[in-house]
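Colleague: structure for this input, please:
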Amino acid sequence: MDDSDADQRLPHRLEPNQPCSLQALRALGVLSWKLDADKYENDPKLEAIRKVRGYSYTEVLEISPDRLPGYAEKVKMFYEEHIHTDEEIRYILDGTGYFDVRDLDDRWIRIKCAKGDLLILPEGIYHRFTLGTDDYIKVMRLFVGVPVWTPHNRPQEENLSRLNYLKAFGKQGVAAA
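Modeller: The predicted structure is shown next:
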């Protein structure tokens, strides 16, 4: 992803573009599936994923200027680089957005998410989120147990979740700069 200050909702591809493979994302702990968002309420594939991973709670949100109170402030907060002490699980039911994740060399990787994409970010990975240029996304948030969404803004190099992430996925004991 480029480092320009242009609208965060744009693709921000490097020139020339440098696509990131699913294998490279998996090496960072990022998992993804393509599901049928039109049947999310009765999708056996989604139910199987939920069962295997223990996702017992779901909620559906619509994020747009006319659907989310405090939209501008929330979108700004989502785009602050942070980690969580749990996985972040999002299933895109409509619209588009981008999750940006840091690789182990502290470079951003931009992941475009669209209808049908289920994305799991591991606990402790630095990331941020923004909508696409359509300013609309409908997502299902999934949680293990009681929903907790607490961002811990960077720096979090001593946070146990960050240390566990680095131990699991590389650069053991040495946090990204």
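Colleague: for this protein, where's the lowest mean pLDDT among helices and strands?
Modeller: Every helix and strand of the chain was ranked by mean pLDDT, DSSP states H and E. The lowest is helix 71-78, at a mean of 94.
Colleague: the longest strand along the chain to helix 71-78, inter-axis angle?
Modeller: Taking DSSP state E as the criterion, the chain has its longest strand at strand 88-102. Using axes from the mean of the first three to the mean of the last three CA atoms, to 10 degrees, one finds that strand 88-102 and helix 71-78 are set 70 degrees apart in direction.
Colleague: which other helices and strands contact strand 88-102?
Modeller: strand 108-114, strand 117-121, strand 127-131, strand 137-143 (3 or more CB pairs under 8 Å, 6 or more residues apart in numbering; DSSP states H and E). In short, each C-beta sits where N, CA and C put it, glycine included.
Colleague: now for these, which one comes closest to Leu93?
Modeller: strand 137-143 (4.4 Å; CB to CB).
Colleague: show me what that closest one is packed against.
Modeller: Counting by 3+ CB pairs under 8 Å, 6+ apart, strand 137-143 packs on strand 57-63, strand 88-102.
Colleague: mind putting the ones you listed into CSV with mean neighbour count, mean pLDDT and distance to Glu157?
Modeller: As requested, these are exported to CSV (neighbours: other CB atoms under 10 Å; pLDDT from 0 to 100; distance: least, CB to CB, whole Å):
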stretch, mean neighbour count, mean pLDDT, distance to Glu157
strand 57-63, 14, 97, 30
strand 88-102, 20, 98, 12
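Colleague: mind checking which of those strands is nearest Asp38?
Modeller: That would be strand 88-102 among these, by CB to CB, at 8.7 Å.
Colleague: quick one: distance of the closest one to the chain centre.
Modeller: Taking CA atoms, centre = their mean, to the nearest Å, one finds strand 88-102 lying 5 Å from the centre of the chain it belongs to.
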